[in-house]
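> fold the following.
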Amino acid sequence: MKKVHQPDYFLLTLVFFLLIIGLIFLNSASAPLGYKNFKDPYYYLKHQVLNGLIPGLIFFFLFFFINYKSWQKLSSFIFIFSLILLIAVFLPPFKTAGPVRRWLDFKFFSFQPIEFLKFALILFLANFFVKKEKEIKSFSLTFLPFILILGFISFLIILQPNFSGLIMVILIALTIYFVAGGNLIYLFLFLLIICLLLPLFIQKFPYLENRLKAVLYPQIEPKGISYHLQQSLIAIGSGGLFGRGLGLSGQKFFYLPEVFSDSIFSIIAEELGFIGATLIIFLFFLFIFRGLKLAKNSPDLFSQLVIVGIVSWFGFQFFIHLGSMLGILPLTGVPLPLISYGGSAMSMNLAALGLLINISKYIS
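Numbering: from 1, shown residues only. Prediction:
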């Protein structure tokens, strides 16, 4: 173990700026709906602070101060606990009457287990591949158990159903397997199978087909299946070069769906314009670059895979969110890390970042 030194303050500064930007634009985007529903334009901002930021900061400092090696020893227990929470959404008293079962509702707050699962899966797979380092290319000893675990998780997520979460879990897991030195032939064949199964999922869930059509034919049903995309593009286009001004979005007044969660980048682009939106994109690119640099210099394989898992988590969510708002990718409901509304996502994002900053203290 290398000597402990100061954490990566540059990365810490990036996180701070993204958090502040997130709170500012969450407040701006959610104000009309907050006033309409609760007569309080700050309702969603306060909810995010109480249920996302404050517990998230507690988790951040917990993972920041405790040596990352300690979490390696607990990774299997944390992962099993995350699976229990994922299963609990189907059981009384959490089981709901509707078709969507993604939340654990308690008396004073609700929690989305899949956000905890993403973090727990990163810890578990990093430790799993460390133990399998000598057999990493083996099908029976490494790839098969890895795919069985991933398949079980995917089955539970499909039952919810939560396809945006499913996409993220698969992308994170496959990225960690790839960086761990896994067999590229097995990885390619697995991706090929996913592509072959994709039409079956689209047929089973018609709304997935509609989202795909909205991207391929953006002018189709502008008041129907392509409405969300059309309103997103209107918001981005309205921003022009310098934006309409902070707080002056027009699309947030009940035109753009999911305005402060799945669509928040469009509001940022509308209010800050091309230059402001480019700055946000640049900050995320800096975060990804800095994270990958830390992974390259990491003191051991476990820390390297944890860093890659966290960076891929944030990176993939950023690219998918951005792509869906620009009409490059189908709308998936993937939030923008540290910016979109969501207490569960915010708290787990900050927990992961606390661990990332902790590891940086051991990287020279």
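> and the contacts of the helix or strand encompassing residue 63?
Using DSSP states H and E, the element containing residue 63 is helix 54-65. Residues outside helix 54-65 that contact it (Cβ atoms under 8 Å, 6 or more residues apart in numbering): 7, 71, 343, 346-355, 357-358. No exception for glycine: its C-beta is placed from N, CA and C like everyone else's.
> could you give me the buried positions within it?
Neighbour-count burial for helix 54-65, counted by 16 or more other Cβ atoms under 10 Å, picks out 55-57, 59-60, 63-64.
> would you turn these into a markdown table with distance to residue 120 and pLDDT?
Converted to a markdown table, the buried residues of helix 54-65 look like this (distance: Cβ to Cβ, whole Å; pLDDT from 0 to 100):
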| residue | distance to residue 120 | pLDDT |
| --- | --- | --- |
| 55 | 16 | 96 |
| 56 | 16 | 97 |
| 57 | 20 | 97 |
| 59 | 13 | 97 |
| 60 | 16 | 98 |
| 63 | 13 | 97 |
| 64 | 18 | 97 |
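> closest one of those to residue 164?
residue 56 (20.3 Å; Cβ to Cβ).
> so how far is residue 24 from the closest one?
17 Å (Cβ to Cβ, to the nearest Å).
> could you look up the SS state of residue 137?
coil (DSSP: H, G, I helix; E, B strand; the rest coil).
> pretty sure it contacts residue 183?
Yes - using Cβ atoms under 8 Å, residue 137 is in contact with residue 183, at 4.8 Å.
> identify, from the buried residues of helix 54-65, the entry nearest to residue 28.
residue 56 (20.5 Å).
> in space, what's closest to the closest one - neighbours in sequence excluded?
Nearest residue to residue 56 in three dimensions, chain neighbours excluded: residue 350, at 3.4 Å (Cβ to Cβ, 6 or more residues apart in numbering).
> how far off centre is the helix or strand hosting the one you found?
Assigning secondary structure by DSSP H and E places residue 350 in helix 343-360. How far helix 343-360 lies from its chain's middle: 12 Å, per Cα atoms, centre = their mean, to the nearest Å.
> please begin residue numbering at 30 from this point
OK, 30 is where the count begins now, so the last one is helix 372-389.
> can you tell me the SS state at the residue lying closest to residue 75 once chain neighbours are set aside?
Leaving aside its sequence neighbours, residue 75 sits nearest to residue 69 (Cβ to Cβ, 6+ apart; 7.8 Å). Following three-state DSSP, the label given to residue 69 is coil.
> does residue 69 touch residue 63 like I think?
Yes - with contact defined as Cβ under 8 Å, residue 69 reaches residue 63; the gap is 5.5 Å.
> of the two, who's got more company?
Between residue 69 and residue 63, residue 63 has the larger neighbour count (other Cβ atoms under 10 Å), namely 20 against 13.
> doesn't the more buried one lie inside a helix?
Yes - the assignment for residue 63 (three-state DSSP) places it in a helix.
> re the thing from before, check which element follows the helix holding residue 92 along the chain.
Next element after helix 83-94 (DSSP H and E): helix 97-117.
> just the buried positions in that following helix, please.
97, 100-101, 104, 107-108, 111-112, 114-115, 117.
> for residue 243, state which of these is nearest.
Nearest member of the buried residues of helix 97-117 to residue 243, counting by Cβ to Cβ, is residue 115, at 29.5 Å.
> can you pick out the most distant pair from the contacts of helix 83-94?
Longest span within the contacts of helix 83-94, Cβ to Cβ: 36 and 372, 25.4 Å.
> any regions of the chain where pLDDT drops low?
30-31, 124-127 (pLDDT under 70).
> strands along that one, start to end?
For the chain, applying DSSP state E gives strands covering 133-134, 139-140.
> just put those in JSON lines and tack on mean neighbour count.
Below are these laid out as JSON lines (neighbours: other Cβ atoms under 10 Å):
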{"stretch": "strand 133-134", "mean neighbour count": "15"}
{"stretch": "strand 139-140", "mean neighbour count": "17"}
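> count of residues packed around the residue nearest to residue 164 when sequence neighbours are not counted?
Among residues not flanking residue 164 along the chain, residue 170 sits closest, at 4.2 Å (Cβ to Cβ, 6+ apart). By other Cβ under 10 Å, the residues close to residue 170 number 13.
> same deal with the one 5 residues further on?
Neighbour count for residue 175, taken as other Cβ under 10 Å: 23.
> kindly list the longest helix within this protein.
Using DSSP state H, we find that the single longest helix of the chain is helix 293-325.
> quick check: angle from that helix to helix 372-389?
30 degrees (axes from the mean of the first three to the mean of the last three Cα atoms, to 10 degrees).
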